[in-house]
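> Structure, please.
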Amino acid sequence: MIDPVAPDGLAQTSALLARLGRDGGPLGAPWSDRPTAAEPADGPGPVVPSADFEALNRPQSLMTLVPIRAGQVDALRERLKGPVFTTHSPGVHNARFVVFPDGKLLFTAVYDVTRTCALQFLHANAATVDEIWRFCEGYPESGARDLVALDGFLRRWDRPVPLMFSAYIDPGEPQVREAVQLRCNFLDFARAVQRDPAGILVHYDAFLGDNRRRIHAAAERHEGDLARQDLVSAGNLTTAFTMISQVKPDLESRARLQFTLRFGNLVVDTFRINPISEMTTVHYARFAMYDDDKLIFASIYDGDWLQYVQDFSVRIPTQMNKVWGNCVGWPTKGAADTDALLAYLEGCRVPTDVFYSAYMDVTSKDILASYALGRALWSFTGVPPVDAPSFRARYLAFLSANQGLLP
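The predicted structure is shown next:
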């Protein structure tokens, strides 16, 4: 632990700050230097603070399931191997295309505030999404550039999402990016102080001038606090998982499943109780019914597949049993039987053909840590510096208290 009042306090931070090097952690480079896998090399452009990213938000999910034209499945799969979502559009967190075994194409996205965000995202990628959906039945000739026709097409094939969980309920997509940017900028400030200790006040003034709005926005978030040790990133591999489960044929099982999904949505919306908060590697998870006898589950998680399954088995087995206990083939001993759970999930899994994320290389834990750091900075920056020595002591104490939030 760093001693903030020791004469060589700055030297004692070297081990911590060494971990903040540009090659040493998942957030080592500024956001503008970090393209996502689905974006051009120059990324989506600079993140500019604005009043928009301060607004509270509840992410929504769009899900459609469109029949693929006869004989076109193989050609569609081949096209999906190429670029699809090449243009970033504010307000969309993630999107995916999945070819289902029965010859239908799933499109689902998580977006902010209104459906318009999702439509504008598709409009921004019209040239490529037109090529995809032209393999499907009923796609309008005018394509994704015609928002009215596009919305009509999507509504025709909409699958309602009765239950959706989010690791961060309030922040919109620009807010997530801004919070991550704030954390990156603080790391750059820490490196500047390490290189030039005498200029700590100058570096602080520059940092504060660039980030006042970001700090204020982070302080306004209402996310639950996690234990500091839980905010250490588990790796920056973000994966989309999609599965289809067959619901049991009896009416009791179907009614119980419908009740569970609707009650779960009430719990999330009204009481802000979120089971996946126990799983700090999950970004989003949502459910939808398909043909009245199938259950679609789509999630986004960080890190290793086996660890993801084990987290389900250990952290929320009861909640899983209440949902999938109504489905054919669910393990007799429930989700607590990790080996049987793994076999069931792999048996129902459908490969994701295309996955886009607005923050592909940033884990859920990194995002939560960014918000926690923003709230801590709100308190820290509320006290103006008097002189360099006293501010340096306060700064080192801040580093010591919050090093669990840094990569």
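> residues contacting Phe186?
207, 211, 373, 377 (CB atoms under 8 Å, 6 or more residues apart in numbering). Every residue, glycine included, has its C-beta placed from N, CA and C.
> Give the buried residues for stretch 250-261.
By 16 or more other CB atoms under 10 Å, the buried positions in stretch 250-261 come out as 254, 256-257, 260-261.
> whoops, stretch 103-115 was the one
Buried residues in stretch 103-115 (16+ other CB under 10 Å): 104-112.
> For it, output the C-alpha coordinates as CSV.
Extracted in CSV, the C-alpha atoms of stretch 103-115 (Å, rounded to 0.1, in the frame of the first residue of the first chain):
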residue,chain,number,x,y,z
GLY,A,103,-33.6,-20.8,-41.9
LYS,A,104,-34.4,-17.5,-40.2
LEU,A,105,-32.1,-14.6,-39.6
LEU,A,106,-31.9,-13.0,-36.1
PHE,A,107,-31.0,-9.4,-35.7
THR,A,108,-30.8,-7.9,-32.3
ALA,A,109,-29.4,-4.7,-30.9
VAL,A,110,-29.2,-2.8,-27.6
TYR,A,111,-30.0,0.8,-28.0
ASP,A,112,-30.7,4.0,-25.9
VAL,A,113,-34.0,5.8,-25.2
THR,A,114,-35.9,5.3,-28.4
ARG,A,115,-36.1,2.8,-31.4
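> Burial check on Gln246, number of neighbours?
A count of nearby residues for Gln246, using other CB atoms under 10 Å, gives 12.
> Just the mean pLDDT for the lengthiest helix in the chain, thanks.
Across the chain, the longest stretch assigned as helix under DSSP state H is helix 173-195. Here helix 173-195 scores 93 as its mean pLDDT.
> So for it, what gets flagged as buried?
173-194.
> Tell me the helix or strand right after it.
Once the chain leaves helix 173-195, the next helix or strand it forms, by DSSP states H and E, is helix 200-219.
> That following helix: which residues count as buried?
Quick answer for helix 200-219 (16+ other CB under 10 Å): 200, 203-204, 207, 211, 213-215, 217-219.
> Which residues does that helix contact?
Contacts to helix 200-219, defined as CB under 8 Å, 6+ apart, come from residues 49-50, 53-54, 175, 178-179, 181-182, 185-186, 188-189, 192-193, 196, 370-371, 373-375, 377-378, 381, 385, 388, 391-392, 395.
> so what's the residue positioned nearest the centre of the chain up against?
Per CA atoms, centre = their mean, the C-alpha nearest to the average position across the chain is that of His283, at 4.1 Å. Contacts for His283 (CB under 8 Å, 6+ apart) come out as 93-94, 166-167, 238, 299-302, 364, 367.
> Take those residues and keep only those in strands.
When the contacts of His283 are checked against strands (DSSP state E), the matches are 93-94, 166, 238, 299-302.
> with the residues you listed in mind, which one is nearest to Phe85?
Using CB to CB, Asn94 is the member of the ones in strands among the contacts of His283 that sits closest to Phe85, with 9.5 Å.
> pretty sure the closest one contacts Phe355?
Yes: between Asn94 and Phe355 there is a contact at 7.3 Å, judged by CB atoms under 8 Å.
> Just the strands from this structure, written as ranges.
Per DSSP E, the chain has strands spanning 60-67, 92-99, 104-111, 163-166, 238-246, 282-290, 294-302, 354-357. These are given in chain order.
> Can you pull the domain assignment for this protein?
Listed by automatic domain parsing, the domain ranges of the chain are 9-33+170-232+363-405, 53-159, 234-355.
> What ranges in the chain fall below the confidence cut-off?
The model of the chain has pLDDT under 70 over residues 1-57, 169-170, 220-236, 265-277.
> All the helices of it, residue numbers only.
9-12, 14-18, 73-80, 115-124, 126-133, 147-156, 173-195, 200-219, 251-271, 305-315, 317-324, 338-348, 364-380, 388-402.
> Does anything pack onto the last one? Which helices or strands?
Identification of packing neighbours for helix 388-402 by 3 or more CB pairs under 8 Å, 6 or more residues apart in numbering; DSSP states H and E yields helix 9-12, helix 200-219, helix 364-380.
> do that again at 10 Å, thanks
Where contact means 3 or more CB pairs under 10 Å, 6 or more residues apart in numbering; DSSP states H and E, helix 388-402 is packed against helix 9-12, helix 14-18, helix 173-195, helix 200-219, helix 364-380.
> Of all those helices, which one is nearest Gly143?
Across the helices and strands packed on helix 388-402, closest to Gly143 is helix 173-195 (CB to CB), at 24.1 Å.
> residues contacting the nearest residue to Ala198 once chain neighbours are set aside?
Among residues not flanking Ala198 along the chain, Ala388 sits closest, at 7.6 Å (CB to CB, 6 or more residues apart in numbering). Residues in contact with Ala388 (CB atoms under 10 Å, 6 or more residues apart in numbering) are 197-202, 204, 395.
> how about stretch 319-330: buried residues?
So stretch 319-330, judged by 16+ other CB under 10 Å, has buried residues 319-327, 330.
> from the residues you listed, which two are the most distant?
Gln319 and Cys327 (14.1 Å).
> what's the straight distance from one end of stretch 117-137 to the other?
By CA to CA, to the nearest Å, the extent of stretch 117-137 from end to end equals 24 Å.
> ok, Asn326 - contacts?
Contacts of Asn326 by CB under 10 Å, 6+ apart are 245, 247-248, 250, 252-261, 295.
> Assess the claim that Leu345 and Tyr301 are in contact.
No: the criterion here is CB atoms under 10 Å, and Leu345 misses it with Tyr301 at 11.8 Å.
> So the two - more neighbours on which side?
Taking other CB under 10 Å, Leu345 and Tyr301 do not tie; Tyr301 has more neighbours (27 against 19).
> Thought Gln310 was touching the more buried one, still the case?
No: applying CB under 10 Å as the test, Tyr301 and Gln310 come out as separate, 11.7 Å apart.
> Regarding Gly329, what are the backbone dihedral angles?
The phi/psi pair for Gly329 (degrees, to the nearest 10) reads phi 90, psi 0.
> Look up how far Pro249 lies from the residue lying closest to it once chain neighbours are set aside.
Distance criterion CB to CB, 6+ apart; nearest residue to Gly329, sequence neighbours excluded, is Tyr344 at 6.0 Å. Tyr344 sits 18 Å away from Pro249, going by CB to CB, to the nearest Å.
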